[in-house]
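**Q** Kindly return the folded structure for what I paste below:
(one chain, ligands or ions: 2)
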Amino acid sequence: MSNMMSSSFSSISCIVYLVLAFCAMSLDQAEARAFFVFGDSLVDNGNNNYLITSARADSPPYGIDYPSHRPTGRFSNGLNIPDIISEQLGMEPTLPYLAPQLTGDRLLVGANFASAGVGILNDTGIQFLNIIRIGKQLEYFQQYQRRVTALIGAEQTEQLVNSALVLITLGGNDFVNNYYLVPFSARSRQFSLPDYVRYLISEYRKVLQKLYDLGARRVLVTGTGPLGCVPAELAQRSPTGECAVELQRAAALFNPQLTQMLSDLNNQLGANVFIAANTYTMNMDFISNPQAYGFVTSKIACCGQGPYNGIGLCTPLSNLCPNRDIYAFWDPFHPSEKANRIIVQQILTGSSKYMNPMNLSSIMALDSRT
Ligand SMILES: *[C@@H]1O[C@H](CO)[C@@H](O)[C@H](O)[C@H]1NC(C)=O
Ligand SMILES: *[C@@H]1O[C@H](CO)[C@@H](O)[C@H](O)[C@H]1NC(C)=O
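**A** Ligands and ions are numbered 1, 2, ... in the order given. I've put the predicted structure just below:
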């Protein structure tokens, strides 16, 4: 008798245990937030490997400090900004949307649609041939949602997209690889710089509205870095080593208008959907005082050739610094993993000088309560 009782008791506790385990599992799933990434080479994690384009980072020494120590298509010696965001938030890293491995349950982690060379405008980066322009990235996002719908149903897919974190990085190439690509470029003959910036902002607004229409509800939007201070521009435009004036002027016009546009969009939507990350100031901190951040230089790229290692591409034949951690710039245009870590730290915990209307830690705390 007592035996029977204890056996039925243990089967009840087993059921209770199973229910608890199930609850714990579904809580876990609710907490694992999907992550979607859009934009250019600052956030591309390998899509261009699958395209016929000259904008690629799939040969050494790219990836030299990546866990595999091999090139992956990231424009970094190691991790890039979205990788570090995933790492810091305890999420699995996303795969490039074009990677054949992105199937089944792996789709639920999210996806990276970014493509090196693209800008806000379709005519940005035409010299790179076949890249995934932003309109096409958004089309792929729709295609992604159809694929996930086939997997988990429409309602769950909408939920996954609405609760996801999104990162978008665009704008730098519209200056560097369009307006200022050559003297007397078509865009610079068409627009004065202030008019061009206003045009970019109005086109960017349409892109972000479309992202919202596709279900995005938490979108980190980075501004441009200090475009005139990258080793490539120092090499080409700065006899004195000071940041190149015209590109700095472009960034100074673009970034405040971007923040304002995001704030207008949020007001129109009645919610803080778009979060402005002031990557200009985040970069400028370590560019103007590299030693304070453990860098020996912010002017010379680790990998490259010519003045500031700023000429041409980073290739197996380039100069390569032995310790990437003490260089702010990995190649003539892109920050090192170490610099990317400083940037992500500010995205996570920065004050209103860096993040508007709030930092990513506050967003995560807010969203976990709703
Ligand atoms: C860019 O190209 C896409 C696809 O061809 C088109 O739908 C879109 O209107 C274009 N954008 C601009 C600003 O011309
Ligand atoms: C992150 O943002 C919140 C809200 O604005 C702020 O209270 C907090 O101090 C910020 N974190 C840091 C480290 O500044």
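
**Q** Contact residues of the stretch 201-350 of the chain facing ligand 1?
**A** residue 203 (C-beta under 6 Å from any ligand atom). All C-beta atoms are positioned from the backbone trio N, CA, C, and that covers glycine.

**Q** Kindly recompute the last result at 8 Å.
**A** 203, 206 (C-beta under 8 Å from any ligand atom).

**Q** In the stretch 201-350 of the chain, what residue lies closest to ligand 2?
**A** Residue nearest to ligand 2 within the stretch 201-350 of the chain: residue 349 (3.6 Å; C-beta to the nearest ligand atom).

**Q** which residues sit in contact with that residue?
**A** Taking C-beta atoms under 8 Å, 6 or more residues apart in numbering, we find residue 349 in contact with 359, 360, 361.

**Q** hang on, residue 109 packs against residue 99?
**A** No. Taking C-beta atoms under 8 Å as the definition, residue 109 is not a contact partner of residue 99, at 11.9 Å.

**Q** since we're on residue 362, how many residues are nearby?
**A** 15 (other C-beta atoms under 10 Å).

**Q** From the contacts of residue 349, pick the one nearest ligand 1.
**A** Nearest member of the contacts of residue 349 to ligand 1, counting by C-beta to the nearest ligand atom, is residue 360, at 29.9 Å.

**Q** So what's the residue count around residue 177?
**A** For residue 177, the neighbour count with other C-beta under 10 Å is 23.

**Q** Tell me the backbone dihedrals of the residue lying closest to it once chain neighbours are set aside, please.
**A** In space, and not counting its chain neighbours, residue 177 is closest to residue 125: 5.0 Å by C-beta to C-beta, 6 or more residues apart in numbering. Torsion angles at residue 125 (phi, psi; degrees, to the nearest 10) stand at phi 80, psi 20.

**Q** ok, residue 125 - contacts?
**A** Listed by C-beta under 8 Å, 6+ apart, the contact partners of residue 125 are 55, 117, 118, 119, 131, 133, 173, 177, 178.

**Q** number of nearby residues for the residue in the stretch 201-350 of the chain that ligand 1 sits nearest to?
**A** Going by C-beta to the nearest ligand atom, ligand 1 is nearest to residue 203 of the stretch 201-350 of the chain, at 5.3 Å. Using other C-beta under 10 Å, residue 203 is surrounded by 16 other residues.
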